[in-house]
Structures are given as structure tokens and as C-alpha cells.
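In: Pasting the sequence and the predicted model now:
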Amino acid sequence: MKRKFPNPRTLIIFTGGPGTGKSGTAQRFLDYLGDDEIVKISYDQIKEKNWDIFGFDNEKQKDRLNWFSLEEFYLTIQKRMWENKTILIEYPFYQRHKPKLQELLDESGYDAVTICLYTDMETVYRRGALRDETDSRHPGHLLTCYHRETYQPEQLKSVNRIAPTFEEFTAGIAHKEYNIGLGLDILVDVTDFSAISYEEIYQQIAEYQSRKLEAAPR
């Protein structure tokens with residue numbers, strides 16, 4: 001059964017710190033909704049595509065390519081808004097990204113829902129370390145020099161896949177506020193993924209949008 005939103009012109013934002021399981025949780029929410037017309041846009045997937053196309057030789061080149069990828073990400077959102085699609089995005093968004101997302105919402109008149117995932121620091125650090133150890137992780141996330149056509153898995157042997165330390169990890173994200181609070185703000189505890197109620201998330205969005213539509217001038 002497809003579950004529709006009262007306002008289909010909605011930007012659903014999955015955010016949260018590294019290791020909170022945004023990609024998997026967002027996909028499970030999409031699977032629950034059962035609506036194959038919802039467009040999922042991943043900044044990480046855009047970065048990985050561009051890493052494969054252009055490659056990079058050092059951290060400076062990688063940072064520049066990531067910046068261009070972020071612009072492509074925003075342009076993709078804008079295009080889908082022009083097409084009146086329901087859109088889901090996922091990334092560890094923080095205050096740096098909020099103004100541009102707000103600008104896109106203001107220009108398009110889209111409704112926003114922020115779904116912020118959270119758990120304790122030790123859990124997200126452990127999950128992040130395990131994620132970086134998997135072979136499915138794109139090597140561009142771990143390397144400062146990468147070209148798809150010449151890449152060899154042996155290159156990762158020189159990379160400390162569990163870096164940074166827990167102390168470095170917590171210090172690196174302490175200044176970031178991942179709950180950017182655009183539109184309806186929903187907090188989801190991801191300590192136990194099996195305990196997440198996707199029906200409850202959906203109902204919160206549907207009820208919020210229904211109230212807004214009823215209150216809108218006719």
C-alpha cells in the first residue's frame with residue numbers, strides 16, 4: 001500500500017552525525033512508504049560518481065571536487081522541485097548547509113521535514129569504524145589520492161581505517177549541530193534500528209501537513 005503525503009511538494013531531510021545510519025534508515029522509510037515516485041538524492045553518491053569520473057591527487061583537489069559535487073547536489077534538488085517531486089535527501093547536514101536548503105525551500109514553496117537521527121557517541125563512533133572497514137565503502141572516502149582507472153585495493157592497506165581516535169572523532173563534530181530544524185522537526189533514536197516506528201514518523205508528517213493545509217487561507 002502506497003502512503004501519500006497531504007502535501008506532495010515535500011523535502012524530507014534525513015540528517016544526523018556520522019555513523020547514525022542515515023542511508024539505511026532513509027531507505028527503509030522509503031520502502032515503508034512504498035511510493036516509487038519519491039526521488040532520493042544522496043550527496044555521497046554524487047561525490048562518489050565525480051570521484052570516479054575525475055579523480056584527485058591530493059586533499060586540496062578532493063576538497064574542490066567535493067565543493068563542485070555539493071553544487072551539483074543543490075542543482076539536482078532544484079530541478080526535482082521544478083518537477084514537483086516529493087524529495088528525500090540524506091547526509092550529515094549541519095549549519096553550513098542550512099542557508100542554501102532554506103533558500104531552495106523559500107524559492108520553491110516546498111514543505112520541509114527534518115528527521116534527525118541520534119544515539120550516544122560511542123555507538124556512532126563504533127558504527128562509523130565498522131563502516132569504514134567494509135569493502136563496500138567507496139575508497140574515495142578514505143584516500144587522499146584516487147583515480148578509478150588505476151586504483152588497486154592494496155592502496156587501502158596504508159590507510160588507518162579506524163582513524164580518527166574516539167577523542168578526535170568527538171572533537172571533530174562537537175561544533176556541528178546536525179539537527180538543522182527545517183520545517184517539521186522529528187527526532188529518532190537509532191540506538192536500536194529494529195525499534196524505529198516508520199508508521200509513527202509517517203503519521204507525524206501527515207498530521208502536521210494536514211493541520212497546515214487546513215489553516216492555509218482559501
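Out: Right, received. Where do you want to start?

In: got the CA positions of the host helix or strand of residue 122 in CSV?
Out: Using DSSP states H and E, residue 122 sits in helix 121-133. Extracted C-alpha coordinates of helix 121-133, given in CSV (Å, rounded to 0.1, in the frame of the first residue of the first chain):
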residue,chain,number,x,y,z
MET,A,121,28.8,9.0,20.8
GLU,A,122,30.3,5.6,21.5
THR,A,123,27.7,3.8,19.3
VAL,A,124,28.1,6.2,16.3
TYR,A,125,31.9,6.0,16.6
ARG,A,126,31.8,2.2,16.6
ARG,A,127,29.4,2.1,13.7
GLY,A,128,31.5,4.5,11.7
ALA,A,129,34.6,2.5,12.3
LEU,A,130,32.9,-0.7,11.2
ARG,A,131,31.5,1.0,8.1
ASP,A,132,35.0,2.2,7.0
GLU,A,133,36.2,-1.4,7.4
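
In: if I pick residue 20, what's in contact with it?
Out: Residues near residue 20 by CB atoms under 8 Å, 6 or more residues apart in numbering: 92, 117-119, 124, 127, 190. For every residue, glycine as well, the C-beta is placed using N, CA and C.

In: all helices of this protein, in order?
Out: Remark: helices assigned in the chain by DSSP state H are 22-33, 43-54, 59-82, 98-108, 121-133, 166-173, 198-215.

In: What I need now is those written out in a markdown table, including mean pLDDT, distance to residue 148 and mean neighbour count for each item.
Out: Listed next are the helices of the chain as a markdown table, based on pLDDT from 0 to 100; distance: least, CB to CB, whole Å; neighbours: other CB atoms under 10 Å:
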| stretch | mean pLDDT | distance to residue 148 | mean neighbour count |
| --- | --- | --- | --- |
| helix 22-33 | 96 | 21 | 18 |
| helix 43-54 | 97 | 4 | 17 |
| helix 59-82 | 98 | 13 | 15 |
| helix 98-108 | 98 | 29 | 15 |
| helix 121-133 | 80 | 19 | 16 |
| helix 166-173 | 85 | 28 | 13 |
| helix 198-215 | 95 | 36 | 14 |
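
In: List the buried residues in stretch 131-149.
Out: Within stretch 131-149, the residues scored as buried using 16 or more other CB atoms under 10 Å are 131-132, 139-140, 143, 146.

In: now, which of those residues sits nearest residue 212?
Out: Nearest to residue 212, judged by CB to CB, of the buried residues of stretch 131-149 is residue 131 at 36.7 Å.

In: Surely the closest one touches residue 138?
Out: No: using CB atoms under 8 Å, residue 131 is not in contact with residue 138, being 11.0 Å away.

In: count of neighbours near residue 55?
Out: Number of residues near residue 55 (other CB atoms under 10 Å) recorded here: 18.

In: Sorry, wrong one. I was asking about residue 153.
Out: 8.
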